[in-house]
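Asker: sequence unknown, structure follows:
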């Protein structure tokens, strides 16, 4: 995970993949525990990418979930205030490990 | 339910730092072993919490429970909680272990042991560590109800979680 202007990502033509892990209800919804998706991908496009692959996952799972990139929680871009939204600049890179973290229930 | 993540990181199922031990396991939990992790000649009290799997949720019969984890992140979060709890309450030691996979009803799913010079700090630390775990640690519980789909529980609201269509 790196933070830099979206323009830089647009210029990098390198093709790669990141791993996405689906825990709990995310795994039930997708029918998978993990898969790989093309990188780089702006974090701001992650939920739309998943919604396109798994229709309805946004309302059913993602709206209630947190997201980590390389074991660090990231703030999801709000999408309606791009210039001031630092999260909008985060790009998921080749080799990154992203995880969908639904509400936890240990104990 | 052994997920690919579980198998991938089987060898990394514990973390330690001075006075702190955290672990994930698919085996039975051993109360004596976790207490021995925090045993100290400087301690005048040990408190052990054992969370066990209940046979019902709001009156509905639960057949069995399965726990799954994001092992790497769960261990990291558990160690953060252990270190913060130890520092806040001046503990001699704190040890936390969570069981994964199928846990039959009435068996232990989590053990937390703390030791401190005096009992008050141990009582408080044990409770706080458990509440922090339940709020934050990246472990999920699937409850299988008699004659129904499984449900992913969410600690934060205590309401029914999401049904699993293919469970």
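Answerer: Nice, I can see it. As the structure is a prediction and not an experimental result, all values here were calculated from the model. Residues are numbered from 1 along each chain as shown, chains lettered A, B, ... in the order given.
Asker: For the rest of this, base every contact and every neighbour count on C-alpha atoms.
Answerer: Fine.
Asker: Up against chain B, what does chain A have?
Answerer: By C-alpha under 8 Å from any C-alpha of the partner chain, the part of chain A that sits against chain B consists of A:23-25, A:28-29, A:33, A:71, A:101, A:103-107.
Asker: switch the cut-off to 10 Å
Answerer: For chain A, the residues in contact with chain B (C-alpha under 10 Å from any C-alpha of the partner chain) are A:21-29, A:31, A:33-34, A:60-61, A:68, A:70-72, A:99, A:101-107.
Asker: Any quick ChimeraX command for the buried ones out of these?
Answerer: Buried subset of those, written as a ChimeraX selection, criterion 16 or more other C-alpha atoms under 10 Å in any protein chain shown:
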select /A:21,22,23,24,25,26,27,28,29,33,34,61,68,70,71,99,101,102,103,104,105,106,107
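Asker: residue ranges for the helices of chain A, please.
Answerer: A:6-11, A:25-30, A:46-53, A:57-60 (DSSP state H).
Asker: which one of those has the lowest average pLDDT?
Answerer: Per-stretch mean pLDDT for the helices of chain A is lowest at helix A:6-11 (a mean of 44).
Asker: pLDDT-wise, which helix or strand of chain A ranks last?
Answerer: helix A:6-11 (a mean of 44; mean pLDDT, DSSP states H and E).
Asker: ok, back up a step: residue B:107: which of the helices of chain A is closest?
Answerer: helix A:25-30 (24.2 Å; C-alpha to C-alpha).
Asker: Now distance to residue B:134 too, for the helices of chain A, in a markdown table please.
Answerer: Formatted as a markdown table, the helices of chain A follow (distance: least, C-alpha to C-alpha, whole Å):
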| stretch | distance to residue B:134 |
| --- | --- |
| helix A:6-11 | 37 |
| helix A:25-30 | 17 |
| helix A:46-53 | 26 |
| helix A:57-60 | 22 |
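Asker: Return the most buried member of those.
Answerer: helix A:25-30 (a mean of 21; mean count of other C-alpha atoms under 10 Å in any protein chain shown).
Asker: Packing partners of it?
Answerer: strand A:16-22, helix A:57-60, strand A:97-101, strand B:150-152, strand B:162-164 (3 or more C-alpha pairs under 10 Å, 6 or more residues apart in numbering or on different chains; DSSP states H and E).
Asker: one more time with 8 Å
Answerer: Counting contacts by 3 or more C-alpha pairs under 8 Å, 6 or more residues apart in numbering or on different chains; DSSP states H and E, helix A:25-30 packs against strand B:162-164.
Asker: Quick check: mean pLDDT of the strand it packs on?
Answerer: 64.
Asker: ditto for stretch A:61-71
Answerer: Computed over stretch A:61-71, the mean pLDDT rounds to 97.
Asker: centre of the chain versus that stretch, how much separation?
Answerer: 7 Å (C-alpha atoms, centre = their mean, to the nearest Å).
Asker: so the residue of chain B most remote from its centre, which of the three states?
Answerer: Distance from the C-alpha centroid of chain B peaks at residue B:147, with 27.5 Å (C-alpha atoms, centre = their mean). Following DSSP: H, G, I helix; E, B strand; the rest coil, we place residue B:147 in the coil state.
Asker: What confidence value was assigned to it?
Answerer: Note for residue B:147: predicted pLDDT of 79.
Asker: quick one: it and residue A:31, what's the gap?
Answerer: As judged by C-alpha to C-alpha, to the nearest Å, residue B:147 and residue A:31 stand 21 Å apart.
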